[in-house]
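Asker: Build me a model:
(2 chains)
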Amino acid sequence: MKTNRAGQIEVTFNWVYVLIAGAVILLFFVGIIARQKVISEGNLAADVVRIMESIITGAQVSEKTKSSIPLGGLSEQTFYFSCEEGVSEYGVVGLPARVQNSLDPIFASKKLQGSRLILWSLPYFLPFKITDFLMVTSDFNHYYFLGEGQGLSQEFIEGAVDSSNSGNSGNSDNKLSINTQKINSFSEIEVKSTKVKVRIVDADGSQIQAGSRIPEQLLVLENEDVTAVSFTANKEANFFVKEGPFWKKLNQQPVPIVSKADHRDAALYGAIFADDPENYLCNMQKAYQRIRLITEIYEQKITELEQFYQNPRESANCLGFVSGFAASEGNVQDTLLLYRTRARACSLLADSSCVEIVEMAERLKHLNGRLFEECSITLY
Amino acid sequence: MKPGQNKHRKHLNVLSGRSAQIHLSETVAVIFIFFVLILFGAIFYYKFQEVSFKEKQQELLASRAIDTTTKMLFLPEVSCTKQESEAEPNCFDMMKARHVAELFKEFNQTYFELFSYAKITINQTYPEPFELVVYNQEPGKWANKKPTFFVVALKDEQKSPGYYGYGQVKVEVYS
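Answerer: Alright, predicted model coming up:
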């Protein structure tokens, strides 16, 4: 009897022992797997953001270029681009890795999803080269142009289509083409999937008003996926978003487009790619900050130009253009000082008065033109 | 109970206890060996991870060196301009570059975001050699330094209009 009982205890003890040991071993491996999962998710996000940062650096420095980032397995993820107080941040929603940038303007929708991201870099001159604006969009974003906008619609559509594959329309499968379409009325807008984001560009500023009705076919889309920008003849922009069946205006005062470009106006294009006025103005603040920095360098260059033009062989007018003339003609030195001061103020608060920057830039351009015509060295 | 039976039972009890002890020792030995193997595995895995982490760091450093060089080469603060047209590629305007170090120092935080821990030097090799350090942010402790060189034209109209020197920009990044 006693031996039997001892055997029973031994068998039970062995089973309990095996169960406990098994559970401990299992827990150990489950722990390792869980830890590895968290680490690889973090690594993936970090890799993606690092690659994006590299591509964005490359895209930014090579002006007037378009590049495409295939998202592959990340096509289900949502990328976000935010900008607050002059600092942009981008990354993948829900993943820890992110990049902050306070120097380079990046115009994009707040959230982007798609099978590829398309980056378009455009130089911003005012009057000298300030920086390259980077426009970011995806193949899920569709841009519809209403009206001509003094050639804006046609120019944008031509630029948005990859020229290396001529003959394709804006809606082609071309990897570098942005989905664009010129429409005459809202009825021409087609919504093929609820995943798309629709951006309507009212190039003449006559079609979209606050409180007016959203086209019927767009009602199936989420509010934040239907946005519009309307340009006025005075080079101002108004931003709209879908609110139920109506358009809601996002800005109280019209947002000025601070630029003087005749072709592919980077500041104007930025308003097409940015979802809302806050995002747009925040990125413009970065541009104003860059104007301030570059102007400081040109102010230093002025001291060298002054030394150069003090040479009696050089025309006295040249020194006048640089730092001598006052009153209506003005000189580069004084104009640069005003320009830098105004840019500094706008980098802190980008309001409607920032259009004055354009006037000053025009004055600088004129003076630089005079230096080019009459003297041997120009400012820029 | 007979005395012979009692003795036999006692002997059986001793045998059964000894066999249970042997079983227990076996199990403990197996578990011990199992955990030793796991420990070896873990050590091997962490060594492997350490090596790949170092490799990854090297890769990141190389990538950062290229990024920083690219940023420097196209920086509007130093690049040569031709009025409103595109900047001259791979060219630094020395009338701007001579003052850029002060700007980088004054707006240290802004440019640190652009170049991070790095040293950027402009070396002119022709006609007269000179060296100009425009940016230098060395970390307190660093393990690796990766230099990258790029040939550039150095426009210096202060000397005479249309005057170009020839040299290189050296970008060293730290990690």
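Asker: How many residues are close by A:Glu329?
Answerer: If you count neighbours by other Cβ atoms under 10 Å in any protein chain shown, A:Glu329 ends up with 14. Heads up, the C-betas are built off the backbone N, CA and C, glycines and all.
Asker: What pairs with the host helix or strand of A:Phe240, parallel or antiparallel?
Answerer: Here A:Phe240, judged by DSSP states H and E, is contained in strand A:236-243. Paired neighbours of strand A:236-243 in the sheet (DSSP bridges): strand A:226-231 (antiparallel), strand A:246-249 (antiparallel), strand A:255-256 (antiparallel).
Asker: could the ones you listed go into a markdown table alongside mean pLDDT?
Answerer: Below are those laid out as a markdown table (pLDDT from 0 to 100):
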| stretch | mean pLDDT |
| --- | --- |
| strand A:226-231 | 97 |
| strand A:246-249 | 97 |
| strand A:255-256 | 96 |
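Asker: A:Phe81 is in contact with A:Pro105, isn't it?
Answerer: No - under the criterion of Cβ atoms under 8 Å, A:Phe81 makes no contact with A:Pro105, lying 11.2 Å away.
Asker: how about the spatially most central residue of chain B, secondary structure?
Answerer: Closest to where the C-alpha atoms of chain B average out (Cα atoms, centre = their mean) is B:Gln57, at 3.3 Å. The local conformation at B:Gln57, judged by DSSP: H, G, I helix; E, B strand; the rest coil, is helix.
Asker: residue contacts, A:His366?
Answerer: Applying Cβ atoms under 8 Å, 6 or more residues apart in numbering or on different chains, we find A:His366 in contact with no residue.
Asker: what about 10 Å?
Answerer: A:127, A:321, A:329-330, A:335 (Cβ atoms under 10 Å, 6 or more residues apart in numbering or on different chains).
Asker: Specify which member of those is nearest to chain B.
Answerer: Closest approach to chain B among those (Cβ to the nearest Cβ): A:Pro127, at 6.6 Å.
Asker: Now do the same contact list for the residue nearest to that closest one when sequence neighbours are not counted.
Answerer: Leaving aside its chain neighbours, A:Pro127 sits nearest to A:Lys365 (3.9 Å; criterion: Cβ to Cβ, 6 or more residues apart in numbering or on different chains). By Cβ under 10 Å, 6+ apart, the contact set of A:Lys365 is A:125-128, A:260, A:379-380, B:83-84.
Asker: give me the element the residue in the stretch 151-300 of chain A positioned nearest to chain B is part of.
Answerer: Among all residues of the stretch 151-300 of chain A, A:Gln300 sits closest to chain B, at 3.5 Å; criterion: Cβ to the nearest Cβ. Using DSSP H and E, A:Gln300 sits within helix A:277-309.
Asker: which parts of that helix are buried?
Answerer: A:277-302, A:304-306, A:308-309 (16 or more other Cβ atoms under 10 Å in any protein chain shown).
Asker: Show me which residues of the following helix or strand past that helix are buried.
Answerer: For helix A:277-309, the succeeding helix or strand toward the C-terminus, using DSSP H and E, is helix A:316-319. Under the neighbour-count criterion of 16+ other Cβ under 10 Å, helix A:316-319 has A:317-319 buried.
Asker: again with stretch B:133-147
Answerer: So stretch B:133-147, judged by 16+ other Cβ under 10 Å, has buried residues B:134-135, B:146.
Asker: Likewise for stretch A:365-372?
Answerer: Applying 16+ other Cβ under 10 Å to stretch A:365-372 flags A:365, A:367-368, A:370-371 as buried.
Asker: In helices only, show me those residues.
Answerer: Those of these mapping onto helices are A:365, A:367-368, A:370-371, per DSSP state H.
Asker: so where's chain B shaky on pLDDT?
Answerer: B:1-5, B:7-8, B:10-17, B:20 (pLDDT under 70).
Asker: So which residues of it form strands?
Answerer: Along chain B, the stretches classed as strands by DSSP state E are B:91-93, B:118-126, B:130-136, B:145-155, B:164-174.
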